[in-house]
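Engineer: generate coordinates for the sequence data below:
(2 chains)
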Amino acid sequence: MDFINLLSWFCFVSGGLLGIIGGIGLHRFPDFYTRLHAAGTTDTLCAALILLGLALQSGFTLATVKLFFIFAFIFLTSPTASHSLANAAVLGGLKPQLDNSVSK
Amino acid sequence: MLIAVVIAILITIILALVRALMGPTVYDRVAAMNMLGTKTILLIAVFAFLGKRYDLLDIALVYALINFVGIVAVLKLVEQGNLYTSGESVDKAGDK
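Structural biologist: Have a look, this model is predicted:
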């Protein structure tokens, strides 16, 4: 029980840290595509870690099944939303911001 | 210890909300709202465990579905300008 609590703590701390890192990246990066990279890659793992920590807290109950379904939906839809967002931005004509020495 | 997770999620939501308010393009705002929706799902799930009210997990499940459908609908609206035609019919109307 104590070991499971420790593992759950580890999942919560790393998940919350990943969420804050993603938020800082979304806030500070200079370009839309880099911002989307920061948001889209940390989002799925943060959700997965926090849901895993909650599942470890609850044990084998109905709540764990619901948490697994939430995890499955997030795991499928979050990368899809990021991909379709980047696709819409490219089709909408948004150019990525390049370094000056590269573009010249 | 769940309070720490709630505080971390709220800090992330505030950062995403600032980006959604001052984003230069509409895609920045949509990306920020996508992240905010995912964090809202996590917040509802953590609140369900905080108050031992496991019915809230169903609401989190429904919110996960609605969030994805909403993001795709907003992207389609931005890309096409309407929601009642598919992309192909817009192209045919443009050709004629």
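Engineer: which intervals of chain A have sub-threshold pLDDT?
Structural biologist: Applying pLDDT under 70 to chain A flags the ranges A:1, A:100-104.
Engineer: so for it, the centremost residue is which one?
Structural biologist: Against the mean C-alpha coordinate of chain A, by C-alpha atoms, centre = their mean, the closest residue is A:Asp43 at 0.9 Å.
Engineer: which ones are touching it?
Structural biologist: A:22, A:78, A:82, B:34-35, B:38 (C-beta atoms under 8 Å, 6 or more residues apart in numbering or on different chains). C-beta coordinates here come from the backbone N, C-alpha and C atoms, glycine included.
Engineer: mind checking what helix or strand follows whichever strand or helix holds A:Gly15 in sequence?
Structural biologist: Element membership of A:Gly15 [criterion: DSSP states H and E] is helix A:2-28. Heading C-terminal from helix A:2-28, the first helix or strand you meet, by DSSP H and E, is helix A:32-58.
Engineer: gap between the helix or strand following that following helix and the chain center?
Structural biologist: Next in sequence after helix A:32-58, counting helices and strands by DSSP H and E, comes helix A:62-91. Taking C-alpha atoms, centre = their mean, to the nearest Å, one finds helix A:62-91 lying 9 Å from the centre of the chain it belongs to.
Engineer: list the buried ones in helix A:62-91?
Structural biologist: A:63-64, A:66-67, A:70-71, A:73-74, A:77-78, A:81-82, A:84-86, A:88-89 (16 or more other C-beta atoms under 10 Å in any protein chain shown).
Engineer: that one to helix A:32-58, inter-axis angle?
Structural biologist: 180 degrees (axes from the mean of the first three to the mean of the last three C-alpha atoms, to 10 degrees).
Engineer: and helix A:62-91, what other elements does it pack with?
Structural biologist: Other helices and strands packing on helix A:62-91, by 3 or more C-beta pairs under 8 Å, 6 or more residues apart in numbering or on different chains; DSSP states H and E, are helix A:32-58, helix B:26-50, helix B:56-80.
Engineer: just tell me which of these ends up closest to A:Asp2.
Structural biologist: helix A:32-58 (12.2 Å; C-beta to C-beta).
Engineer: and the angle from that closest one to helix A:2-28?
Structural biologist: 160 degrees.
Engineer: any buried residues in helix A:32-58, and which?
Structural biologist: Those would be A:32-33, A:35-58, for helix A:32-58 by 16+ other C-beta under 10 Å.
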